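Student: fold the following.
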Amino acid sequence: MNTAWMRAVLPLCLLGVLDAEEKNYGYALLSRLSDAGLEGVKPATLYPALTRLEEAGAVEIEWGAGDGGPGRKYYRITEQGREQLRRDSAAWRDLNRTVTSLAKDRTAADS
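Tutor: Okay, the predicted model is just below:
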């Protein structure tokens, strides 16, 4: 996937994953994104996106015990995050319809 597109949709995807789960930590979020088809998201891209979501009030952080190691930073979606998810999901669907329509029209015109 185009890197700019990945960065643009990453917050929406993170909110979607966090909405489906009680909470999760960074490595597990990377794994969930990869399993869903967003392969190649790097920690250097993930953690700044999570920080921006936290600063916007869309996610909150909770420290918890790690699996036999140091503590982990867990991320949980907030009500504000759920509202952002609903709003951004609707905007994404509209954009997807528009881009699909324009790309299809352009392809048909070239034939």
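
Student: looks to me like residue 41 is in a helix.
Tutor: No: under DSSP: H, G, I helix; E, B strand; the rest coil, residue 41 falls outside any helix and is assigned coil.

Student: find the nearest non-adjacent residue to it, please.
Tutor: Sequence neighbours aside, residue 33 is the residue nearest to residue 41 in space, at 5.2 Å (criterion: CB to CB, 6 or more residues apart in numbering). Heads up, the C-betas are built off the backbone N, CA and C, glycines and all.

Student: can you list the buried residues in the host helix or strand of the one you found?
Tutor: Here residue 33 is covered by helix 26-35, with elements defined by DSSP states H and E. Neighbour-count burial for helix 26-35 flags 29-30, 32-33 (criterion: 16 or more other CB atoms under 10 Å).

Student: just stretch 51-65 next, same as before
Tutor: 53, 58-59.

Student: okay if I get those residues as JSON lines plus secondary structure?
Tutor: As requested, those are arranged in JSON lines below (three-state DSSP):
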{"residue": "53", "secondary structure": "helix"}
{"residue": "58", "secondary structure": "coil"}
{"residue": "59", "secondary structure": "strand"}
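
Student: with just CA atoms, put the helix or strand harbouring residue 74 into CSV.
Tutor: Per DSSP H and E, residue 74 falls inside strand 72-77. The C-alpha coordinates for strand 72-77 follow below in CSV (Å, rounded to 0.1, in the frame of the first residue of the first chain):
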residue,chain,number,x,y,z
ARG,A,72,3.0,-2.6,28.9
LYS,A,73,1.2,0.5,27.7
TYR,A,74,-2.4,-0.5,26.8
TYR,A,75,-4.6,1.7,24.6
ARG,A,76,-8.4,1.9,24.9
ILE,A,77,-10.9,3.8,22.8
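
Student: which non-adjacent residue is nearest residue 59?
Tutor: Once flanking residues are discounted, residue 59 sits nearest to residue 53: 4.5 Å by CB to CB, 6+ apart.

Student: which ones are touching the one you found?
Tutor: 11, 14-15, 59, 75, 81 (CB atoms under 8 Å, 6 or more residues apart in numbering).
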